[in-house]
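Trainee: I would like the atomic coordinates for the input below:
(chains A and B)
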Amino acid sequence: MTNAIEAVNVTKVYRKYARKKQFATLKSALLSGSLVTELQPDETFEALRGVSFTVPKGCTYGVIGRNGSGKSTLLKCVAGITRPTTGTVAVDGRISALIELGAGFHPEISGRENVFINGIMLGLSKKEIQKRFDEIVEFAELKDFIDAPVKTYSSGMYMRLGFAVAIHVDPEVLLVDEVLAVGDQGFTVKCLDKFAEFRRRNKTILLVTHSLDLVEKFCDQALWLDKGKTHGEGDPKLVVTAYIVDVEKSEEQLLAKEEAARVAQAQAESTAAATTDEQPHNPVETGEAPTDMFRATEGRWGTREVEITTVTVSAADGTPSHVFHTGDPLTLKIGFRAHQPTRDFVFGVGIFNADGLCCYGTNTNIDELEPDRLSGEGEVRFVVDRLDLVEGTYKFDVAVHKLDGFPYDYHRQLYTIRVKSRQKDVGIYRPPHRWDVTGDVRFRAPGSGFKRGADTETDAGS
Amino acid sequence: MIHNLLALAKYRGLIQTLVVRDLTARYRGSVLGFFWSFFNPLLLMAVYTFVFTVIMPGTHPTDIQPYGLFFFCGILPWTWFSSSLTEASNVLISGGNLIKKVLFPAEVLPIVSVLANLAHFLLGLPILAVLLLYYQRPLDPLELLWFPVIVLVQLLFTTGLALLLAALTVHFRDIKDILSNLLTLWFFSTPIIYSMQMAPETYRQVLNVNPMTHLAISYQEVLFHVGPHGHWKWLLVMGVVSTAVFLAGYFVFDRLRDSFAEEV
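Mentor: Numbers count the residues shown, from 1 in each chain, chains lettered A, B, ... in the order given. Model (predicted):
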């Protein structure tokens, strides 16, 4: 097997102009006397740093990575649109790049004429387009509109036509940059089918995408780029898993940072409110409780007779964590300090989703724990054995208050977790479940073919 | 560079398609459509003829009468030249999508600008023919053989400048603004609204440096003036100059090619 794409040590350096793009004006270049020195950029940005990879013929190769990791630059280098600063890229066979669909369409002229022009731009001859024209129109689902000027097309129609032309160039090497989001479900499936057909015909596909499912199900090999460097390469399942772990790690860091900032701000606001009343040891109501308790606003209020000093969300092993998977255990640790002993206290917890909808709320009173005595410092733990929430971001309310609801210390939505799930089920709650069938109902084993995978993805949980 | 230059031949079909697209798209939506290619130079001629025969009569000697025809012989190729450069200077920026997102031979774009305007120039020729018939000017068929040569020389010259401007404008956006003023100056430094004989003796040397002077005079000699084409030596010099300009323009374009995708 020979290689369709060989990239050796590809580095791409972009110029960055820290000062106002001064080189853009001839005047400044002339006035400062020297065009040559102006050509030296103040700063450079390395989009790719020594990336090497080979794609064998007939292989479907996925490139993943976060925004700004250099995926698109890599694709452009392979496509030949930009030249790498150092290193070489060799491609064997006709390339078609699905980078921007319908680039070069002229708005004033009809779809029909644009198909011809676009096809010629992409390297087809007039005769070849003639032969494929009906197929292209059929594929784009634009039969009724093909003679209308392209400016009257909706963006979806525009993209579909662009995609249809590009895919019918019949390349040896197809470069795809995140263009599957061009239409309704039906069209996406059609695109995937077309890719599958390419694979069957032993064509090479280089796929840049954020859709990890696609990479896992569809690609033979995967490359993970991080800040312009290869971070992992090989079996798509392994690469994707490593990538997900890494993404969660940085998500965790980000959430922790945001949370710390939010808590500090709420603290500052409520103490600022407290210091206006110059009797520090008297119980004072600090911060304003919102009139509508179900409206989602962040904040902190209460008299602080009992104070919540720390709140930690932690995983099963006790380490503080902000990223959980559906079904993981979770423990919410509430550290408190009672400035004076009390017999009237309730600890409460509420879980809200990103829309501010209360998903669950309970407190020690509802759970029939009679308050007896509270003094000094300590920790109350709210333990969840299974966090059966669907994927999303959730916020916690943590509070300690009197039985009648009068707040000692109320923390409103200051703590955030993100729940992850590989299933794309919808709603809020994901009860542990299964599907039982009787009669002549059969399902294929999961992962037994690309198209099946794409279909089941749209079904409810598996 | 030589390699890329040869590759241009490969893009024949593409260039042809894009020129046709340019021409069809330009007047799409206007009532008169293609007729504007005829009317535009005709209206321009009417304006200048009005100024120089009604408002300022007697400013032109008899050897360039009828003035309208004389002017038309010069303004037609000039419009081709100036519109080509104006369009070409902007064409890489407006076609940025193609350069950034598709593997596309960038030099095709300025060349298409020049050729599309050449097509407009050629569309203006029937009007010229009608005018010649109307004024009953005798045309020497042998002299007319020079006509395609002049067009070819102008094509080389214009394409060279178009490539140069297109490439430089990517880096220096000011060129667009400079160019429009420069073209006005250039227009008046070319014997189009006046004849070479009308220019002061000392100034004639300056005019002779202007390549467009010799093209304009050549057109006038062939189409307007009776008698043999006396300017052919200058035209041949222009042929050499134009080839040099074309190669230089292409050289600069080729050198800057890699920067387009990033700078556009």
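Trainee: below-threshold pLDDT in the stretch 151-264 of chain B: ranges please.
Mentor: Within the stretch 151-264 of chain B, no range satisfies pLDDT under 70.
Trainee: enumerate the residues of it near chain A.
Mentor: B:171-175, B:178, B:258, B:261-262 (CB under 8 Å from any CB of the partner chain). For the C-beta atoms, the positions are set from N, CA and C on the backbone; glycine is no exception.
Trainee: burial count for B:E201?
Mentor: By other CB atoms under 10 Å in any protein chain shown, 6 other residues sit near B:E201.
Trainee: which residues in the stretch 201-350 of chain A form strands?
Mentor: Applying DSSP state E, counting those that start in this stretch to the stretch 201-350 of chain A gives strands spanning A:204-208, A:221-226, A:229-234, A:299-301, A:306-314, A:323-325, A:330-342, A:346-353.
Trainee: give me the sheet partners of the longest one and which way each runs.
Mentor: Take DSSP bridges as the rule and strand A:330-342 pairs in its sheet with strand A:306-314 (antiparallel), strand A:374-384 (antiparallel).
Trainee: buried deepest among those strands, which one?
Mentor: Ranked by mean neighbour count, the strands paired with strand A:330-342 are led by strand A:306-314 with a mean of 18 (mean count of other CB atoms under 10 Å in any protein chain shown).
Trainee: roughly how far out does that one sit from the chain middle?
Mentor: Put simply, strand A:306-314 sits 30 Å off its chain's centre (CA atoms, centre = their mean, to the nearest Å).
Trainee: before we move on, back to that, buried subset of the residues of the stretch 151-264 of chain B next to chain A, written for PyMOL?
Mentor: In PyMOL, this line selects whichever of those come out buried by 16 or more other CB atoms under 10 Å in any protein chain shown:
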select buried, chain B and resi 171+172+173+174+175+261
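Trainee: show me which of the residues of the stretch 151-264 of chain B next to chain A is closest to B:L103.
Mentor: B:A261 (10.0 Å; CB to CB).
Trainee: ok, now which ones touch that closest one?
Mentor: Contact analysis of B:A261 by CB atoms under 8 Å, 6 or more residues apart in numbering or on different chains lists A:76, A:81-82, B:99-100.
Trainee: from the residues you listed, which single one is nearest B:V130?
Mentor: Closest approach to B:V130 among those (CB to CB): B:I99, at 41.6 Å.
Trainee: would you agree B:L118 is in contact with B:F81?
Mentor: No - using CB atoms under 8 Å as the test, B:L118 is too far from B:F81 to be in contact (10.1 Å).
Trainee: who has more neighbours, those two?
Mentor: More crowded of B:L118 and B:F81, by other CB under 10 Å: B:F81, with 26 against 19.
Trainee: isn't the more buried one right up against B:T158?
Mentor: Yes - contact criterion CB under 8 Å: B:F81 and B:T158 qualify, at 5.5 Å.
Trainee: which stretches of the chain form helices?
Mentor: Picked chain A for this. In chain A, the helices defined using DSSP state H lie at A:26-31, A:35-38, A:71-79, A:111-121, A:126-140, A:155-167, A:185-200, A:212-218, A:236-275, A:450-456.
Trainee: actually, chain B is the one I wanted.
Mentor: B:2-7, B:12-26, B:36-50, B:67-94, B:96-101, B:108-134, B:141-144, B:146-171, B:175-188, B:201-209, B:211-223, B:232-263.
Trainee: pLDDT averaged over the first one, what's the number?
Mentor: Averaged across helix B:2-7, the pLDDT comes to 78.
Trainee: that helix close to chain A?
Mentor: No - counting by CB under 8 Å from any CB, chain A is not contacted by helix B:2-7; separation bottoms out at 12.5 Å.
Trainee: could you measure from B:A216 over to B:A116?
Mentor: 22 Å (CB to CB, to the nearest Å).
Trainee: circling back: can you redo the contacts of B:A261 as CSV with neighbour count?
Mentor: As requested, the contacts of B:A261 are exported to CSV (neighbours: other CB atoms under 10 Å in any protein chain shown):
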residue, neighbour count
A:K76, 24
A:I81, 21
A:T82, 21
B:I99, 25
B:K100, 19
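Trainee: neighbours of A:A272, how many?
Mentor: Neighbour count for A:A272, taken as other CB under 10 Å: 11.
Trainee: from chain B, how far off is it?
Mentor: Between A:A272 and chain B the computed distance is 50 Å (CB to the nearest CB, to the nearest Å).
Trainee: quick one on the thing from earlier: could you dump the strands paired with strand A:330-342 into CSV and include mean pLDDT?
Mentor: Output for those, formatted as CSV (pLDDT from 0 to 100):
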stretch, mean pLDDT
strand A:306-314, 92
strand A:374-384, 93
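Trainee: what's the closest of the ones you listed to B:L144?
Mentor: Set against B:L144 and scored by CB to CB, the strands paired with strand A:330-342 come closest in strand A:306-314, at 90.1 Å.
Trainee: okay, that closest one in PDB with CA atoms only?
Mentor: Listed next in PDB are the C-alpha coordinates belonging to strand A:306-314 (Å, rounded to 0.1, in the frame of the first residue of the first chain):
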ATOM      1  CA  VAL A 306     -24.500  29.700  60.900                       C
ATOM      2  CA  GLU A 307     -22.000  30.200  58.100                       C
ATOM      3  CA  ILE A 308     -21.200  28.000  55.200                       C
ATOM      4  CA  THR A 309     -17.400  28.200  55.000                       C
ATOM      5  CA  THR A 310     -16.600  25.800  52.300                       C
ATOM      6  CA  VAL A 311     -18.500  23.800  49.600                       C
ATOM      7  CA  THR A 312     -16.700  21.100  47.700                       C
ATOM      8  CA  VAL A 313     -18.100  18.900  45.100                       C
ATOM      9  CA  SER A 314     -16.100  15.700  44.900                       C
END
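Trainee: tilt between that strand and helix A:236-275?
Mentor: Counting by axes from the mean of the first three to the mean of the last three CA atoms, to 10 degrees, strand A:306-314 points 170 degrees away from the direction of helix A:236-275.
Trainee: how far off strand A:346-353 does strand A:306-314 point, in degrees?
Mentor: 40 degrees.
Trainee: ok, B:G239 to B:L182 distance?
Mentor: Taking CB to CB as the measure, B:G239 falls 24 Å from B:L182.
Trainee: more crowded one of those two?
Mentor: Taking neighbours as other CB under 10 Å, B:G239 and B:L182 compare with B:G239 leading, 17 against 13.
Trainee: which ones are touching the closest residue to B:G13 other than its chain neighbours?
Mentor: Nearest residue to B:G13, sequence neighbours excluded (CB to CB, 6 or more residues apart in numbering or on different chains): A:I120, at 5.8 Å. Under the criterion of CB under 8 Å, 6+ apart, the contact list for A:I120 reads A:126, A:129, B:13-14, B:17.
Trainee: hmm, which two among those are most spread apart?
Mentor: A:I129 and B:L14 (12.3 Å).
Trainee: per-residue pLDDT of A:L330, please?
Mentor: 94.
Trainee: tell me, how many residues neighbour it?
Mentor: 20.
Trainee: flag every residue of chain A that's near chain B.
Mentor: Residues of chain A lying near chain B (CB under 8 Å from any CB): A:14-15, A:23-27, A:29, A:76, A:79-83, A:95, A:97, A:99-100, A:103-104, A:106, A:108-109, A:113, A:116-117, A:120-122, A:125-126, A:149.
Trainee: what do you get if the cut-off is 7 Å, keeping everything else the same?
Mentor: Applying CB under 7 Å from any CB of the partner chain, one finds that chain A approaches chain B through A:14, A:23-27, A:79-83, A:95, A:97, A:99-100, A:103-104, A:106, A:108-109, A:113, A:116-117, A:120-121, A:125-126.
Trainee: would you write a ChimeraX line that selects the buried entries of those?
Mentor: Entered in ChimeraX, the line below selects the buried ones among these, by 16+ other CB under 10 Å:
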select /A:23,25,26,79,81,82,83,95,97,99,100,103,104,106,108,109,113,116,117,120,121
